[in-house]
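> dropping the sequence and predicted coords here.
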Amino acid sequence: MATIKQEDFVQSLADGLQFISYFHPKDYVDALAAAWEQEESPAAKDAMAQILVNSRMCAEGHRPICQDTGMVVAFVKVGMETRFDDGLSLQAMIDEGVRRAYTDVDNPLRASVLADPAGARRNTRDNTPAVVYAELVPGATLDVRIAAKGGGSENKARFAVLNPSDSVVDWVLRQLPDMGAGWCPPGILGIGIGGSPEKALLLAKEALFEPIDIQDLRARGPANRIEALRLELMDKVNALGIGAQGLGGLTTVLDVKIRDYPTHAASLPVGLIPNCAATRHIHFTLDGSGPARFVPPPLSAWPEVAWDGPAGARRIDLDRLTRADVATWRAGERLLLSGRLLSMVANLAVQVLIVRHLSRVAKPLRPCRGGWREKASPADRQYQSPSAERSPAMDARSCGNCSPAAHPRNPLIRCRLVVLGHQCRSICATTNSVPSSCATNGFMRGLYIVSVMSRIRTRRPASPPRRKRRSAPTAGPETAASCAPG
Ligand code: SF4
């Protein structure tokens with residue numbers, strides 16, 4: 001019987017979560033580096049270069065790979081010959097590990113978990129609770145796999161119960177274009193086939209813990225139906241041309257992992273969960289001899305990537321920015337920002353600066369009760385891609401990462417900005433909004449690329465009509481909501 005100290009378990013969880021917040025798994029770095037070398041699309045190659053540079057910077061500086069540091073999911077196999085030295089429940093121990101990791105003063109991670117999801121949606125402030133799956137197994141060890149999954153990729157999970165005669169490949173290929181780029185490819189697809197509805201999704205999630213090895217599989221050849229399915233899906237998904245960050249190109253997925261389970265004769269449940277460019281998971285085992293140790297990968301694991309921003313971009317040092325500088329910006333120009341840009345407030349401030357400056361070339365808004373309404377035809381509201389490379393992914397829906405404060409429906413922000421770069425382009429391309437959350441991305445802190453769209457509609461009339469104050473507001477037919485464009 002192995003006795004495992006609860007403190008060892010909690011500290012191992014905290015250390016593991018900190019570790020994966022800034023170290024990409026080496027297999028992901030290797031696979032992405034190989035894809036980057038082969039990539040032919042300049043935009044996709046550029047996006048992959050940014051991810052690799054970001055990854056290395058995060059490893060060096062111990063800062064999060066992505067602003068969304070995820071919700072923790074834990075799969076724990078508890079050996080039947082183990083016991084804990086104290087009385088906390090498994091959930092309570094894991095939550096304490098999450099709390100410690102996410103409130104670490106040296107590298108605080110974003111608390112993204114909300115309680116009362118269908119109501120008040122209050123932030124629990126320490127990213128607890130984790131989602132915990134436990135299994136009792138033979139043995140005298142505690143086997144733990146943890147992941148910190150971001151909302152963008154989790155939002156693209158798909159599930160269906162197919163007819164037994166349906167093609168899983170066809171179903172997966174139908175899902176990908178609709179998933180868009182909001183899951184921040186290139187990544188990995190986890191697919192669960194069989195079991196019951198909830199089991200299929202669990203299989204898909206568990207499959208994502210497996211190492212990236214599809215090129216080895218390709219070299220040795222498939223040994224069974226599932227391995228053949230992996231190769232077929234890998235090739236067909238990449239042939240869709242969605243590409244890194246939805247920018248087209250050769251690589252949308254770096255691997256396809258599949259797990260299956262016996263199912264009912266009448267059913268074919270299939271779950272699909274993508275893992276994004278911020279692939280974060282780790283595995284450790286405790287046997288009572290102390291906490292887990294995590295060995296950082298050497299920096300030589302990262303390829304030498306010389307990334308110097310897009311050609312023709314104007315370099316802006318935010319620490320020395322003056323109003324005179326802003327006055328020289330032109331609609332449609334790409335700005336490569338460096339310097340201090342840390343928060344949503346700072347991001348918003350930059351947007352407001354741009355909006356104010358460009359307001360004189362803008363299309364007027366007409367005032368109405370509760371806000372401003374632009375005189376725009378449906379055609380005006382079509383997204384205008386700054387490049388000719390427009391992938392099917394760009395037509396997809398929002399990944400949910402956009403800030404409501406910066407959304408074009410917000411009366412304050414009436415411009416169209418596209419923030420280009422790691423994870424941002426796709427979000428903006430799909431929603432025409434500015435994802436302020438990207439401002440806290442480890443890479444984006446230092447480097448920000450903003451492309452100001454040429455069709456900007458920001459001008460306010462000289463003076464909006466003043467309304468007399470009423471003692472109590474009354475709801476009329478024309479409310480703020482009715483003023484929203486669209
Ligand atoms: S890379 Fe994209 S999908 Fe992944 S956690 Fe970051 S924002 Fe979310």
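That came through, no problem.
> list the contacts of the closest residue to the ligand within the chain.
Using CB to the nearest ligand atom, the single residue of the chain nearest to the ligand is Gly150, 2.1 Å away. Every C-beta, even on glycine, is put in place using the N, C-alpha and C of the backbone. By CB atoms under 8 Å, 6 or more residues apart in numbering, Gly150 lies in contact with Cys66, Asp68, Thr69, Gly70, Cys184, Cys276, Ala278.
> how far away is it from Asp86?
Taking CB to CB, to the nearest Å as the measure, Gly150 falls 33 Å from Asp86.
> secondary structure class of Gln67, three-state.
In the three-state summary, Gln67 is assigned as coil, counting by DSSP: H, G, I helix; E, B strand; the rest coil.
> give me the neighbour count for it.
By other CB atoms under 10 Å, 24 other residues sit near Gln67.
> ok, Ser300 next?
Other residues within reach of Ser300, judged by other CB under 10 Å, total 7.
> one more: Pro129?
That count, for Pro129 with other CB under 10 Å as the rule, works out to 17.
> ok, the one 3 residues further on next?
Val132 has 17 neighbours, counted by other CB under 10 Å.
> could you find the closest non-adjacent residue to it?
Sequence neighbours aside, Ala74 is the residue nearest to Val132 in space, at 5.0 Å (criterion: CB to CB, 6 or more residues apart in numbering).
> so what are the sheet partners of the helix or strand in which that neighbour is found and their directions?
Element membership of Ala74, judged by DSSP states H and E, is strand 71-79. If you go by DSSP bridges, strand 71-79 pairs up with strand 131-137 (parallel), strand 142-149 (antiparallel).
> picking up where we left off before, PyMOL command for the buried members of the contacts of Gly150?
Buried residues among the contacts of Gly150 (16 or more other CB atoms under 10 Å), as a PyMOL selection:
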select buried, resi 66+68+69+70+184+276+278
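> near the ligand too, which of the contacts of Gly150?
Cys66, Asp68, Cys184, Cys276, Ala278 (CB under 6 Å from any ligand atom).
> make JSON lines out of these and add pLDDT.
Formatted as JSON lines, the ones next to the ligand among the contacts of Gly150 follow (pLDDT from 0 to 100):
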{"residue": "Cys66", "pLDDT": "94"}
{"residue": "Asp68", "pLDDT": "94"}
{"residue": "Cys184", "pLDDT": "94"}
{"residue": "Cys276", "pLDDT": "96"}
{"residue": "Ala278", "pLDDT": "95"}
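> just to revisit the earlier point, the strand holding Ala74 close to the ligand?
No - residues of strand 71-79 are not located near the ligand by CB under 6 Å from any ligand atom, the shortest gap being 10.0 Å.
> for that strand, what is the average pLDDT?
Averaging pLDDT along strand 71-79 gives 98.
> contact partners of it?
2, 13, 17, 90, 94, 98, 112-113, 127, 130-149, 151, 154, 205-206, 209.
> between the ones next to the ligand among the contacts of Gly150, which is closest to Leu337?
Taking CB to CB as the measure, Leu337 lies nearest Cys66 of these, at 18.6 Å.
> okay but Ala301 is in contact with Lys26, surely?
Yes - under the criterion of CB atoms under 8 Å, Ala301 makes contact with Lys26 at 5.2 Å.
> higher neighbour count, those two?
Ala301 (17 against 14).
> I'd like to know how many residues surround Ser153.
Count around Ser153 with other CB under 10 Å applied: 27.
> could you do Lys77 as well?
17.
> who's it bridged to?
Bridge pairing for Lys77 - DSSP bridges - gives Glu135, Asp143.
> over to Glu81: give its phi and psi.
phi -110, psi 30 (degrees, to the nearest 10).
> doesn't Leu136 make contact with it?
No - judged on CB under 8 Å, Glu81 makes no contact with Leu136 at a distance of 10.8 Å.
> how about the residues of this structure near the ligand?
That would be 66, 68, 150-153, 183-184, 276-278, 401, 423, which are the residues of the chain within reach of the ligand (CB under 6 Å from any ligand atom).
> now these as JSON lines including secondary structure?
Output for the residues of the chain next to the ligand, formatted as JSON lines (three-state DSSP):
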{"residue": "Cys66", "secondary structure": "coil"}
{"residue": "Asp68", "secondary structure": "coil"}
{"residue": "Gly150", "secondary structure": "coil"}
{"residue": "Gly151", "secondary structure": "helix"}
{"residue": "Gly152", "secondary structure": "helix"}
{"residue": "Ser153", "secondary structure": "helix"}
{"residue": "Trp183", "secondary structure": "coil"}
{"residue": "Cys184", "secondary structure": "coil"}
{"residue": "Cys276", "secondary structure": "coil"}
{"residue": "Ala277", "secondary structure": "coil"}
{"residue": "Ala278", "secondary structure": "coil"}
{"residue": "Asn401", "secondary structure": "coil"}
{"residue": "Gln423", "secondary structure": "coil"}
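> where does pLDDT dip in the stretch 1-150 of the chain?
Applying pLDDT under 70 to the stretch 1-150 of the chain picks out no residues at all.
> all strands for it, in order.
Along the stretch 1-150 of the chain, counting by DSSP state E, counting those that start in this stretch, strands occupy 2-4, 71-79, 82-84, 114-115, 122-123, 131-137, 142-149.
> with respect to Gln175, which of those lies nearest?
Using CB to CB, the nearest of those to Gln175 is strand 142-149, at 17.7 Å.
> other residues contacting the closest one?
Contacts for strand 142-149 (CB under 8 Å, 6+ apart): 4, 9, 12-13, 16-17, 20-21, 69-79, 82, 130, 137, 205-206, 208-209, 275, 280-287, 292.
> what subset of the residues you listed is buried?
4, 9, 12-13, 16-17, 20-21, 69-79, 82, 130, 205-206, 208-209, 275, 280-282, 284, 286, 292.
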